[in-house]
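K.L.:
heads up, no residue letters with this:
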């Protein structure tokens, strides 16, 4: 993963810094589920083929507080990834997942589209899910929510731990996708980014695809040191 990041960084001098190396795909604004205040934003940059993506996490003042690099070139639902939390001075990395059934971290976004028809048909989708900080995959269940809180233009999916025992200590995640574009519009659940006190926080993230302008220092973490 670090070799791949270094290779991308070597290309940066060929591009004007006014434009990021990768196009800005979407911006998600995360609000605290408890207080409703904005806690951070996440800026997603992806290559046209979506095989390589970079995510920058910024505080409400626009400062980068973390970043994540994702390589989907070998596995769309089980990418290799590297994440650095600058506030906590922590880093995590995972190699490309080689098991066919395991879904990894942000690879769940692609997995939803892979299983779109199954979800529409009302099937419960069971899959092993691996997240940063947990060595073993956890068996999860995704099912479509069909209630008054889900607008008709959205496909709302609830993701929960399959084990009843683990389900007692792990809250479910709710994600909403536009039915026409199949784009992630909302995420409600526990963030993979720690707050300033080092705790994982429940957040409500709303995604914007309106074509916002990238910050002047976009993807500066890829620049050669």
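P.N.:
Done, it's in. In this text, all values refer to a predicted model and were calculated from it rather than measured experimentally.
K.L.:
how about low-confidence regions in the protein?
P.N.:
1-20, 163-170, 225 (pLDDT under 70).
K.L.:
For it, which segments count as strands?
P.N.:
24-32, 38-46, 52-58, 64-71, 80-85, 90-94, 103-104, 125-130, 138-145, 154-161, 173-178, 184-194, 200-208 (DSSP state E).
K.L.:
helices or strands up against the fifth one?
P.N.:
In terms of contacts (3 or more C-beta pairs under 8 Å, 6 or more residues apart in numbering; DSSP states H and E), strand 80-85 is packed against helix 2-11, strand 64-71, strand 90-94, strand 184-194. C-beta here means a position set from N, CA and C on the backbone, and glycine is covered the same way.
K.L.:
Starting from that strand, tell me which strands it pairs with and how they run.
P.N.:
strand 64-71 (antiparallel), strand 90-94 (antiparallel) (DSSP bridges).
K.L.:
which of the strands of the chain is buried the deepest?
P.N.:
Mean neighbours per residue, mean count of other C-beta atoms under 10 Å, is largest over the strands of the chain for strand 103-104, with a mean of 27.
K.L.:
Show me what it pairs with in its sheet, parallel or antiparallel.
P.N.:
strand 125-130 (parallel).
K.L.:
Residue 110: which of the strands paired with strand 80-85 is closest?
P.N.:
strand 64-71 (10.4 Å; C-beta to C-beta).
K.L.:
List the neighbours of that closest one that are in contact with it.
P.N.:
1, 4-5, 40, 51-59, 79-87, 96, 105-106, 193, 217, 220-221 (C-beta atoms under 8 Å, 6 or more residues apart in numbering).
K.L.:
Then stretch 88-105?
P.N.:
Contacts for stretch 88-105 (C-beta under 8 Å, 6+ apart): 1-2, 70-71, 74-75, 77-85, 107, 111, 127-133, 137, 140, 192, 194, 198.
K.L.:
redo that, cut-off 6 Å
P.N.:
1, 74-75, 77-78, 80-84, 111, 127-132, 137, 194 (C-beta atoms under 6 Å, 6 or more residues apart in numbering).
K.L.:
so how far is the first residue of it from its last?
P.N.:
Counting by C-alpha to C-alpha, to the nearest Å, you get 20 Å between the two ends of stretch 88-105.
K.L.:
For residue 41, give me its contacts.
P.N.:
27, 29, 58.
K.L.:
Rebuild these as JSON lines, extending it with distance to residue 150.
P.N.:
Converted to JSON lines, these look like this (distance: C-beta to C-beta, whole Å):
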{"residue": "27", "distance to residue 150": "23"}
{"residue": "29", "distance to residue 150": "20"}
{"residue": "58", "distance to residue 150": "29"}
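K.L.:
and which of the residues you listed is nearest to residue 202?
P.N.:
When the contacts of residue 41 are compared against residue 202 (criterion: C-beta to C-beta), the nearest one is residue 29, at 15.1 Å.
K.L.:
roughly how far apart are the residue nearest to that closest one when sequence neighbours are not counted and residue 56?
P.N.:
Distance criterion C-beta to C-beta, 6 or more residues apart in numbering; nearest residue to residue 29, sequence neighbours excluded, is residue 41 at 5.0 Å. For residue 41, the distance to residue 56 equals 9 Å [C-beta to C-beta, to the nearest Å].
K.L.:
Good, we can wrap up now.
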